[in-house]
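In: Build me a model from this:
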Amino acid sequence: MEFLNVTQDGGEVYGLVDADGMNNVSVSLAAGVLGNLSTALVNVTGNATDNETASDGFLSLTAYKRIKLTKRVTTIIITLSMMVAMGCVITVKETISHLRRPFGIFIGFMCQYGILPLTAFALCHAFRLEATYALGVLIMSCCPGGTTSNILTYWLNGDVSLSICMTTCSTVVAFGMMPLLLFIYTRSWTNESAVIPYTQIIITLVMILVPVVCGVLIRHKSKPTADKISRGLAIIAIIGIGMNLAFDAIMHSHVFTMHPELWAIGFILPTVGAVLSYAVSCVTRMPARQRRTVALETSLQNIGVAFTLIVLSFPADKGRIGAFITIYAALQSSSIYLLVPVGIFFSKKLGYSPVKDENEAGNKEEANGDIGHKADPEEPIIYSSLVKEHDNDLEKNNEEKTERLLNESNI
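Out: The predicted model follows:
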């Protein structure tokens, strides 16, 4: 016997339902799913039992569980494939450079944890959302970056090394920033404290770092092999995302026709985040590739962390609170199929590719002896001044050493 814990909402029948005896009952269940999975919407109507397909084209619980398991496996494959692909592209020297001179990481941090939560707060008040729906929007906006931003950074010729660094750092910082931001912004709707999913955050870090390290090792052994693996796994990840999008469409039949205000916010929130963060990057005169990276990292969040937080903190209202997360996940996945063709079109028109561009950048750095500092036609003033000052100091020290050695030799 299985009981489904849901609450009443808008005239639909909700409550504790015996899964073995759902006769003449109409139920719409919103169940939060752990990990990187989306909220699942299951509809059971008519004389449906656990082992037969419900009428009117809705899913039985057995079919729903099978789709959920398939999506779980697909999500893991997507994450591992994409992170290995990222590791096959990035250079160790460039990554170390971003960590030693974390200007780009700092700008991304300020945009991600500054612009996006504030924008979400303003939109919740502007649309006068109910408390449960507003909490979903705020929780999503306070989450760290996810793997979708890494995928798009790869295909849109962004700075992949910076993207990995930003995703990792934002996930680490989430241990402190998520409770702080949720405490600040949710006071208008609730006094309850959110339970931060620290275990899920740690799992996210492991799923980012371990496959990336594997990709880096592959690249260290053979760059041509790494290039082929990177492109192949990136394509596999794109196909997997399409499969998950189809699973969402099957499981979330009602979500696509409900809550127009949440759909509007789901479109406006990442768009405003991307535009404002790109503007900040322009003001600080970051290179063009890094501007795109910061914009993507700011606007695309970790869905799995958001769902886990909702399940742990608000189990009684997880269906309503998770409604926005489901919509946001669908829009975020769809954005890949809109933006990746754009990246491919410009790559053919301008003659670059993610793998080729990263390799050439790494070669230039090694040849110039300037780790992480690329020759960019849009050379940043603030960003490059730190690098140039460091280089000038090194040059001055080398000149002083050479002069001292000459003087000693003359003596």
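
In: Phe175: what's it in contact with?
Out: Applying C-beta atoms under 8 Å, 6 or more residues apart in numbering to Phe175 gives the contacts 196, 198, 201. C-beta here means a position set from N, CA and C on the backbone, and glycine is covered the same way.

In: which one among the residues you listed gets closest to Ile77?
Out: Of all the contacts of Phe175, Ile77 sits closest to Ile201, with 21.2 Å by C-beta to C-beta.

In: Walking through the protein, point out its strands one by one.
Out: 3-4, 17-18, 27-31, 40-44 (DSSP state E).

In: if we can go back for a sec, closest to Ala316 out of the contacts of Phe175?
Out: Ile196 (18.6 Å).

In: remind me which residues of the stretch 201-350 of the chain are low pLDDT?
Out: Filtered on pLDDT under 70, the stretch 201-350 of the chain yields the residue ranges 252-256, 349-350.

In: hmm, try it at 80
Out: 248-258, 316-319, 342-350 (pLDDT under 80).

In: what ranges do the helices span in it?
Out: 223-251, 260-283, 288-299, 303-313, 318-350 (DSSP state H, counting those that start in this stretch).

In: what sits against the residue nearest to Ile115 when sequence neighbours are not counted?
Out: Nearest residue to Ile115 in three dimensions, chain neighbours excluded: Leu276, at 5.0 Å (C-beta to C-beta, 6 or more residues apart in numbering). Shown in contact with Leu276 (C-beta under 8 Å, 6+ apart): 111, 115, 119, 298.

In: Could you rerun that using 10 Å?
Out: 111, 114-116, 118-119, 295, 298-299 (C-beta atoms under 10 Å, 6 or more residues apart in numbering).

In: roughly how far apart are it and Ala295?
Out: 9 Å (C-beta to C-beta, to the nearest Å).

In: any common contacting residues for those two?
Out: Cys111.

In: who's in contact with Gly87?
Out: For Gly87, the contact set (C-beta under 10 Å, 6+ apart) comprises 95, 160, 164, 208-219, 226, 229-230, 233.

In: Just the buried ones from the residues you listed?
Out: 95, 160, 164, 208-209, 211-212, 215-216, 218-219, 226, 229-230, 233 (16 or more other C-beta atoms under 10 Å).

In: nearest to Arg320, of the residues you listed?
Out: Ile208 (30.4 Å).

In: Neighbours of Val342, how many?
Out: 11 (other C-beta atoms under 10 Å).

In: got a list of what it touches?
Out: Here Val342 is in contact with 155-156 (C-beta under 10 Å, 6+ apart).

In: wait, doesn't Met140 sit right on Ala329?
Out: Yes: assessed by C-beta atoms under 10 Å, Met140 is found in contact with Ala329 at 9.2 Å.

In: what's the nearest residue to Ile250 if we skip its chain neighbours?
Out: Ile67 (6.2 Å).

In: go on, Arg320?
Out: Here the residue nearest Arg320, using C-beta to C-beta, 6+ apart, is Thr132, at 4.0 Å.

In: shouldn't the one you found be in contact with Ser313?
Out: No: taking contacts as C-beta under 10 Å, Thr132 lies outside contact range of Ser313: 12.0 Å.

In: Just give me the residues shared between the contact sets of the two.
Out: In contact with both Thr132 and Ser313: 190, 321, using C-beta under 10 Å, 6+ apart.

In: burial count for Ala63?
Out: Count around Ala63 with other C-beta under 10 Å applied: 17.

In: roughly how far apart are it and Asn244?
Out: For Ala63 relative to Asn244 (C-beta to C-beta), the value is 16 Å.

In: Kindly report the same for Asp317.
Out: Distance from Asp317 to Asn244, by C-beta to C-beta: 25 Å.

In: quick one: contacts for Gly240?
Out: 71, 73-79, 81-82.

In: now, which of those lie within helices?
Out: 71, 73-79, 81-82 (DSSP state H).

In: Of these, which is the nearest to Met178?
Out: When the ones in helices among the contacts of Gly240 are compared against Met178 (criterion: C-beta to C-beta), the nearest one is Thr79, at 20.3 Å.

In: Against Leu116, how distant is that closest one?
Out: 22 Å.

In: When the two are compared, which one has more neighbours?
Out: Leu116 (25 against 22).

In: My read is that the more buried one contacts Cys142, right?
Out: Yes: with contact defined as C-beta under 10 Å, Leu116 counts as touching Cys142 (7.9 Å).

In: Which neighbours do those two have in common?
Out: Common neighbours of Leu116 and Cys142 (C-beta under 10 Å, 6+ apart) are 181, 301.

In: so which of the helices of the stretch 201-350 of the chain gets nearest Glu192?
Out: Nearest to Glu192, of these and by C-beta to C-beta, is helix 303-313 at 7.1 Å.

In: for that closest one, packing partners?
Out: In terms of contacts (3 or more C-beta pairs under 10 Å, 6 or more residues apart in numbering; DSSP states H and E), helix 303-313 is packed against helix 61-89, helix 131-141, helix 147-155, helix 160-185, helix 198-221, helix 318-350.

In: Counting neighbours, which bits of the shortest one end up buried?
Out: When burial is assessed from 16+ other C-beta under 10 Å, helix 147-155 yields the following buried residues: 147-155.

In: of those, closest to Leu339?
Out: Leu152 (5.7 Å).
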